[in-house]
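Visitor: next come a sequence and a model predicted from it.
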Amino acid sequence: MKKRNKVLLTSVLAGTLMLTSVAPAGFAHDAFEGGINKETVPFDHEALEMLGDPEENGDKNLKFLHEAAAEQIKEIDGIQNNTADVYAHKGFAYLGTHTANGANGGVRIFDLKDPENPKEIGQIAHDVPHTWQEKVIVKTVNTPEFKGDLAVVSLQQTSRNNLNRPDSIGGALLYDVSDPYNPERLGFYELDRRITGTHELYLTTQGNKALMLVSNPYADFYTSGEERDFQIIDVSDPANPEKLWEFDPRTLAEVDESFNGYHWDAPDGHTRPVFNHSVITDNNGHYAYVSMWDLGTVIFDIRDPENAEYLGRTEFADDQKGAAHSAALARGGNILIETREIANPHGEGYESAYGYTRIFDIKDKTNPVLLSEFTTDLTYDFSDPVRTFAKTVHDPKVRGNTLYLSYYSGGVISVDITDPSNPQEIGRYTPDQANIWGVFVDRNYVLASDMGQGLKVLLKNNSQSNNSNNQRIKN
């Protein structure tokens with residue numbers, strides 16, 4: 001492996017980011033439309049065929065993690081959807097769905113009062129035709145216009161701007177889930193139909209204001225700059241979402257007016273894809289962490305959400321594919337976890353590796369400092385030459401000094417980050433036929449969404465469930 005010189009991008013704010021005017025071509029992701037979309041814009045593996053073979057020989061009871069429940073989502077009208085991300089709030093789990101069998105699976109709500117027997121009790125966000133609903137965030141909100149539990153759901157078209165599907169549109173749906181048994185749709189933040197939609201999103205509060213942050217991949221490209229990839233939306237009145245601010249790194253480039261590309265001719269000699277995949281904030285809603293693929297995790301000060309300020313970003317060595325996919329925070333927001341989703345482990349001029357995790361010190365948010373890189377036995381396993389997502393890391397979540405990673409066929413991997421400069425794997429849950437998309441930590445259990453098998457509820461060994469018998473889970 002050649003020396004890892006840092007890729008410099010001090011020119012972002014100066015507007016000298018050089019981009020090539022070529023049409024999108026497939027890099028890490030491919031869009032879905034009854035298979036693989038011929039648009040071939042980098043997107044998020046909607047084609048299940050590209051996930052590779054699931055793990056055949058799993059182990060449900062490895063160190064520190066124990067499967068307490070496994071519940072497939074219900075068939076609706078004879079259709080079995082598959083799951084995407086998972087979130088939990090006040091004893092209820094919310095599972096987004098992906099694109100299998102025509103999409104429109106909506107968000108499934110599970111009652112987790114007895115986490116060993118989760119009960120599916122409802123479905124939301126399934127009524128916009130030809131869309132899929134990957135990401136859902138739920139928070140308690142208290143604004144002059146709304147008091148209660150608010151859910152925001154990402155909405156993406158299965159076929160962007162399709163003339164034969166005039167009712168299909170992307171964006172974000174907003175629901176009152178104060179009573180999860182009786183959810184109520186409040187609003188819809190609609191995007192231009194030329195945009196596929198909102199891929200991932202986040203919800204935060206600032207005092208009596210509620211903010212939704214959305215990631216709209218290639219919005220700038222598809223609308224010739226009319227819309228941007230990263231947007232901050234005021235949802236204090238969920239029935240009337242209002243855009244406050246937006247950003248796209250391409251708008252800072254000094255390029256010809258006819259420019260319509262998204263590639264970045266990086267200083268390391270690589271042509272790198274740049275688009276907004278995901279976003280989170282800290283607990284106070286002061287800073288946003290935006291996963292902009294090969295531009296890294298870009299950090300913004302959003303304390304004044306109408307005038308957000310760029311602070312800094314993570315950088316990649318010149319032999320690393322970027323693919324900043326998702327982020328999580330630890331140590332009160334001073335440690336940043338960055339996962340990189342890389343399905344194709346090879347490439348000229350790059351190291352041979354599937355996607356792995358990087359950990360940064362961000363006490364100085366203008367200058368993230370790389371502390372460590374966490375790899376697993378999957379990272380360099382090239383025994384299966386098929387292009388697949390099965391061996392790459394996906395999403396991170398943190399509870400205390402433990403990092404939980406969803407890892408597709410690798411299941412859920414738990415990592416001790418007490419010393420973030422020296423992360424150590426401490427547990428792994430890998431069920432048979434594993435295809436773990438999302439992970440979430442809530443109370444004394446860990447939730448995992450398996451694309452083919454539904455909701456998994458994991459308890460740490462020696463932790464107690466909340467069922468009526470209050471029995472201890474034994475090894």
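Guide: Arrived safely.
Visitor: going by C-alpha atoms from here, please, whenever you check contacts or count neighbours.
Guide: Fine.
Visitor: next one: Lys6, what pLDDT does it get?
Guide: Lys6 carries a pLDDT score of 38 in this model.
Visitor: same check, this time on Trp264
Guide: For Trp264, pLDDT reads 75.
Visitor: likewise for Leu65?
Guide: 81.
Visitor: who's in contact with it?
Guide: 427-429, 458-461 (CA atoms under 8 Å, 6 or more residues apart in numbering).
Visitor: redo those as a markdown table? Include secondary structure, neighbour count and distance to Ala390.
Guide: A markdown table is the format used below for the contacts of Leu65 (DSSP: H, G, I helix; E, B strand; the rest coil; neighbours: other CA atoms under 10 Å; distance: CA to CA, whole Å):
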| residue | secondary structure | neighbour count | distance to Ala390 |
| --- | --- | --- | --- |
| Gly427 | strand | 17 | 18 |
| Arg428 | strand | 24 | 15 |
| Tyr429 | strand | 26 | 15 |
| Leu458 | strand | 26 | 21 |
| Leu459 | strand | 24 | 24 |
| Lys460 | coil | 22 | 24 |
| Asn461 | coil | 17 | 26 |
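Visitor: specify which member of those is nearest to Gly355.
Guide: Arg428 (17.4 Å; CA to CA).
Visitor: test my guess that that closest one contacts Ser414.
Guide: Yes: using CA atoms under 8 Å, Arg428 is in contact with Ser414, at 6.1 Å.
Visitor: any idea what Ala210 is bridged to?
Guide: Applying DSSP bridges to Ala210 gives these bridge partners: Thr205.
Visitor: tell me the first helix or strand C-terminal of the helix or strand containing Leu371.
Guide: According to DSSP states H and E, Leu371 maps onto strand 369-374. Heading C-terminal from strand 369-374, the first helix or strand you meet, by DSSP H and E, is strand 396-399.
Visitor: can you name the element that comes right after that following strand?
Guide: Downstream of strand 396-399, the first helix or strand assigned by DSSP H and E is strand 402-406.
Visitor: that following strand: partners in the sheet, and parallel or antiparallel?
Guide: Strand pairing (DSSP bridges) places strand 402-406 next to strand 396-399 (antiparallel), strand 412-416 (antiparallel).
Visitor: please identify the most buried of these.
Guide: Greatest average neighbour count among the strands paired with strand 402-406 goes to strand 412-416 (a mean of 22), per mean count of other CA atoms under 10 Å.
Visitor: stretch 305-315 spans what distance, first to last residue?
Guide: Counting by CA to CA, to the nearest Å, you get 25 Å between the two ends of stretch 305-315.
Visitor: same question for stretch 274-287.
Guide: Start and end residues of stretch 274-287 are separated by 21 Å (CA to CA).
Visitor: give the buried residues for it.
Guide: Of the residues in stretch 274-287, 274-282, 285-287 count as buried by neighbour count, 16 or more other CA atoms under 10 Å.
Visitor: among these, find the lowest-pLDDT one for me.
Guide: Val274 (88).
Visitor: which residues touch it?
Guide: Applying CA under 8 Å, 6+ apart, the residues contacting Val274 are 262-264, 292-295.
Visitor: output the below-cut-off pLDDT ranges for the stretch 1-150 of the chain.
Guide: For the stretch 1-150 of the chain, the stretches with pLDDT under 70 are 1-64.
Visitor: ranges for the strands of it?
Guide: Per DSSP state E, counting those that start in this stretch, the stretch 1-150 of the chain carries strands over the ranges 19-20, 66-71, 83-89, 92-97, 107-111, 119-124, 131-132, 136-142, 147-157.
Visitor: so Lys243 makes contact with Arg228?
Guide: No: using CA under 8 Å as the test, Lys243 is too far from Arg228 to be in contact (11.1 Å).
Visitor: quick one: which of the contacts of Val274 is nearest Gly187?
Guide: Sorting those by how near they are to Gly187, with CA to CA, puts Met292 at the top with 27.2 Å.
Visitor: which non-adjacent residue is nearest that closest one?
Guide: Spatial nearest neighbour of Met292, excluding adjacent residues (CA to CA, 6 or more residues apart in numbering): Asn276 at 4.4 Å.
Visitor: from Val290, how far off is that neighbour?
Guide: Using CA to CA, Asn276 is found at 7 Å from Val290.
Visitor: do Thr388 as well
Guide: Per CA to CA, Thr388 is found 25 Å from Val290.
Visitor: compare the two and say which one has the larger neighbour count.
Guide: Comparing Thr388 with Val290 by neighbour count (other CA atoms under 10 Å), the higher total belongs to Val290, at 28 against 20.
Visitor: ok, the helix or strand where that one lies: who's next to it in the sheet?
Guide: Assigned by DSSP H and E, Val290 belongs to strand 287-291. Looking at strand 287-291 with DSSP bridges, its partner strands are strand 278-281 (antiparallel), strand 297-301 (antiparallel).
Visitor: list the contacts of that strand.
Guide: 230, 276-282, 297-303, 324-327.
Visitor: again, but for stretch 145-157
Guide: Outside stretch 145-157, the residues touching it (CA under 8 Å, 6+ apart) are 107, 125, 130-142, 168-178, 196-203, 212, 236-238.
Visitor: at 7 Å instead, please
Guide: Outside stretch 145-157, the residues that touch it by CA atoms under 7 Å, 6 or more residues apart in numbering are 130-142, 168-178, 196-201, 236-237.
Visitor: how near is Asp377 to Glu120?
Guide: Distance of Asp377 to Glu120, given as CA to CA: 35 Å.
Visitor: neighbour count winner among these two?
Guide: Taking other CA under 10 Å, Asp377 and Glu120 do not tie; Glu120 has more neighbours (20 against 8).
Visitor: follow-up on the earlier one: name every strand pairing with the strand holding Leu371 and say which way it goes.
Guide: strand 357-361 (antiparallel).
Visitor: got the buried residues for the strand it pairs with?
Guide: Buried, per 16+ other CA under 10 Å, within strand 357-361: 357-361.
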